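[1] Turn this into a structure:
(one chain, ligands or ions: 1)
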Amino acid sequence: LDLQVDDSFQPRFCNSPIYCEGPLLKTVQLAKLFPDSKTFVDMPTKKPVDQVLEAFNSLGKTLIKQAFNHFPLQWLKKVKDLKYRGWIDNLHHAWSQLTFKFNTSSLCEGCVSSTLPVKRPFVVPGGRFREFYYWDSYFVIEGLLQSGLDSLARDMIENFLDFVDTYGFMPNGARIYYLNRSQPPFLTEMVKLYYQETKNVDFLKKALPVLEKEYSFWLKNTTVTIHQGDKKYKLNHYNVENHSPRPESYYEDYNTVYNGTNFTTKQQLDLFSDLATGAETGWDYTSRWTKVKDYTPDTTDILRTLDTRNIIPVELNALLWSMETTLAGWYQDFGSDITTDKQRARKTSYYKKQAKKRLEAMDSLLWNQDQASFFDYNLTSHARNDDDYSPASLYPFWLGAIPDRVRHSTETLNRVFDLTRDILAKTPGILTTTTHNSTMQWDFPNGWPPLQYVAIKAMLQVDQWLENERYAPLAKVLAERAAASAFCSWYLTGGSIPGELQKLSNTTDNGHMFEKFDVRSLTASGFGGEYTVQVGFGWTNGVTMWILNKFSDLVAPDCTSSNIYQVPNLN
Ligand SMILES: OC[C@H]1O[C@H](O[C@H]2O[C@H](CO)[C@@H](O)[C@H](O)[C@H]2O)[C@H](O)[C@@H](O)[C@@H]1O
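    Okay, the predicted model is just below:
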């Protein structure tokens, strides 16, 4: 092996000679003992750590399934189509397959595991992802609430609050090697969702100080000052300092950084940081973060052009604006029970001001009036990436991070989904992630369930501001396509419903719920990126349940014809 990794560098976040850094990890991962790099770092040891290391110089799952008490879903009766009704009932029961509890007793004395322990049960995405993930969990919680599993939703949120208390921020996922980065900040949105469903004020008050702690993490570690003319703005970017391959993608990162490159040490370290930062964005990886956007036969490795930390992403700032606005509102309404009147007034005013300043910055730097859309800002070129459409631009409409000028302009609101509509008209499936075909998984032709949720919610929200139903037909078509894609790919991989839908004779599996989809059809899963497409799948199940509850008159397609859900004109 070519020993180019600086093994003397001990990352502060992750302190294990097996799972984080060191000759054992390096040897196993570069030897490609397992096809998926994540497999090795997720194995608990079967012997105490010193014996493992000693054996190197010469693993049981710690999770147990949670018992489930299933009850029929009341709202299911309003789903008219019996195939969809049966399928959603399947998804309702599938949570038990994805729910686990941390169990230390399965570890032998002195043995170690990369799992970060938690006290309460949790839901995982599925497939290779057998630990919980930060932003996935928002969409999982939406699904749990649809399933009436309020207490499991609350358990998940409480685990996250504990993590923020312990680590000072919410890590990417529940593994030791995820402790150097977060993911899109959805915790406040999770508490909001839970509160809207349960009206549990006590829980909200308990969460409030912890949410503030998370807010401080983002402010302290990811704020960037941008000068424009004589004005100064502050916005946030994703930002992870990292000097070595991600343990769960060691082989991939090692080759990206070292194999056949002539990078200087600074370029190597920058790329390691941009790779880890890319994972923090949740969009690992996408042309939004790279300088080269599309794959060509001459492209050596698009990932080598990653510039993640130099992009100011729309969705991160919309989420932070929502955090600021929500914290201000909650301090105003409930603060008197947890703090003094003076503190309550101070905090309310502080968060209001933060939100106001952020919106001004988003308006000046991210908003394009001609296209009636937000775009990411590039700190290298000091310009907006006006040519790069992605549904990330719709987060501000979902969350309400819109300047009053725009919110009260019918003319502008009438144009905000023009781009989205035109892009949807080009393919029969769900909304693409970007328009670039890079071979990375967060690009064309992949579409992802959480982004369909954001887009549909954004359309419904803008209709409320317009006080009409301009975008309802577009939202419905997207809902139809999202439900049909998940349903057809499940059916074509062996899904069946007793008495309603017979299993296809050429299938041996029992129907897969995929993590992502190919937008060029209504029947295929997505692909590309650094691991094979995963099934389970937490956010797909959650988003699908939400869609069928909201659009209960959808009709299941026969899955043989494509191009059946035409987008409406928006004149
Ligand atoms: O192992 C590679 C990367 O896998 C994760 O990212 C992807 O799966 C997550 C779970 O569904 C999802 O949250 C993320 O958006 C996906 O891109 C993980 O989050 C990365 O940190 C990891 O390096």
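[2] just the strands in the stretch 151-300 of the chain please.
    Taking DSSP state E, counting those that start in this stretch as the test, the strands found in the stretch 151-300 of the chain are 223-228, 231-236.
[3] my bad, the chain
    Taking DSSP state E as the criterion, the chain carries its strands at 63-65, 99-102, 122-123, 223-228, 231-236, 311-312, 367-368, 373-374, 377-378, 383-384, 446-447, 517-518.
[4] Tell me how many other residues crowd residue 127.
    18 (other Cβ atoms under 10 Å). (C-beta placed from N, C-alpha, C; glycine too.)
[5] Go ahead and confirm it touches residue 534.
    Yes - the pair residue 127 / residue 534 is scored as a contact, 3.2 Å apart, by Cβ atoms under 8 Å.
[6] What's the local residue count around residue 79?
    By other Cβ under 10 Å, 22 other residues sit near residue 79.
[7] residues contacting it?
    85, 88, 548, 549, 552, 554 (Cβ atoms under 8 Å, 6 or more residues apart in numbering).
[8] What separation do you get for the first one and the ligand?
    Separation of residue 85 from the ligand (Cβ to the nearest ligand atom, to the nearest Å): 27 Å.
[9] what do you get for residue 227?
    Remark: distance between residue 227 and the ligand (Cβ to the nearest ligand atom) = 32 Å.
[10] For the residue lying closest to that residue once chain neighbours are set aside, report the pLDDT, please.
    In space, and not counting its chain neighbours, residue 227 is closest to residue 233: 8.0 Å by Cβ to Cβ, 6 or more residues apart in numbering. Note for residue 233: predicted pLDDT of 98.
[11] quick one: contacts for residue 233?
    Applying Cβ under 8 Å, 6+ apart, we find residue 233 in contact with 225, 226, 227, 357, 360, 361, 364, 365.
[12] mind redoing it with 10 Å?
    When contacts are counted by Cβ atoms under 10 Å, 6 or more residues apart in numbering, residue 233 touches 224-227, 312, 357-358, 360-365, 377.
[13] Count residues in the vicinity of residue 263, would you?
    Neighbours of residue 263 using other Cβ under 10 Å come to 13.
[14] What pLDDT is listed against it?
    Reported pLDDT for residue 263: 97.
[15] Just give the number of residues close to residue 294.
    15.
[16] for residue 83, that is, sorry about that
    Neighbourhood size, residue 83 [other Cβ under 10 Å]: 18.
[17] Same check on residue 308?
    The burial count for residue 308: 28, using other Cβ under 10 Å.
[18] same question, the one 10 residues further on
    When neighbours are defined as other Cβ under 10 Å, residue 318 has 28 of them.
[19] Could you pull up the residues touching it?
    Residue 318 sits in contact with 184, 358-359, 362, 366, 374, 392-402, 454, where contact means Cβ under 10 Å, 6+ apart.
[20] Give the ChimeraX command for selecting the buried subset of these.
    In ChimeraX, this line selects whichever of these come out buried by 16 or more other Cβ atoms under 10 Å:
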select :184,358,359,362,366,374,392,393,394,395,396,397,398,399,401,402,454
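[21] Sort out for me which of the contacts of residue 318 are in helices.
    358, 359, 362, 395, 396, 397, 398, 399, 454 (DSSP state H).
[22] Report the beta-bridge partners for the residue nearest to residue 227.
    Beta-bridge partners of residue 233, counted by DSSP bridges, are residue 226.
[23] could the strands of the chain go into a markdown table alongside distance to residue 132?
    Listed next are the strands of the chain as a markdown table, based on distance: least, Cβ to Cβ, whole Å:
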| stretch | distance to residue 132 |
| --- | --- |
| strand 63-65 | 10 |
| strand 99-102 | 9 |
| strand 122-123 | 5 |
| strand 223-228 | 27 |
| strand 231-236 | 24 |
| strand 311-312 | 27 |
| strand 367-368 | 35 |
| strand 373-374 | 30 |
| strand 377-378 | 31 |
| strand 383-384 | 35 |
| strand 446-447 | 23 |
| strand 517-518 | 23 |
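[24] Least confident of the ones you listed, on average?
    Mean pLDDT is lowest for strand 63-65 out of the strands of the chain, coming in at a mean of 42.
[25] So what's the residue count around residue 193?
    Neighbours of residue 193 under the rule other Cβ under 10 Å: 18.
[26] I misspoke; the intended subject was residue 304.
    The local packing of residue 304 (other Cβ under 10 Å) involves 19 other residues.
[27] still on that earlier bit, need the overlap of contacts for residue 127 and residue 534.
    By Cβ under 10 Å, 6+ apart, residue 127 and residue 534 have these common neighbours: 512, 514, 515.
[28] The ligand versus the first one, what's the distance?
    Taking Cβ to the nearest ligand atom as the measure, residue 512 and the ligand are separated by 15 Å.
[29] and that residue, what does it touch?
    Counting by Cβ under 10 Å, 6+ apart, the residues that residue 512 touches are 126-127, 486, 489-490, 492-495, 525, 533-537, 540.
[30] if we can go back for a sec, which one of the shared contacts of residue 127 and residue 534 is nearest residue 333?
    Proximity of the shared contacts of residue 127 and residue 534 to residue 333 (Cβ to Cβ) peaks at residue 515, which lies at 37.2 Å.
[31] For the ligand, see how far away the closest one is.
    Residue 515 sits 6 Å away from the ligand, going by Cβ to the nearest ligand atom.
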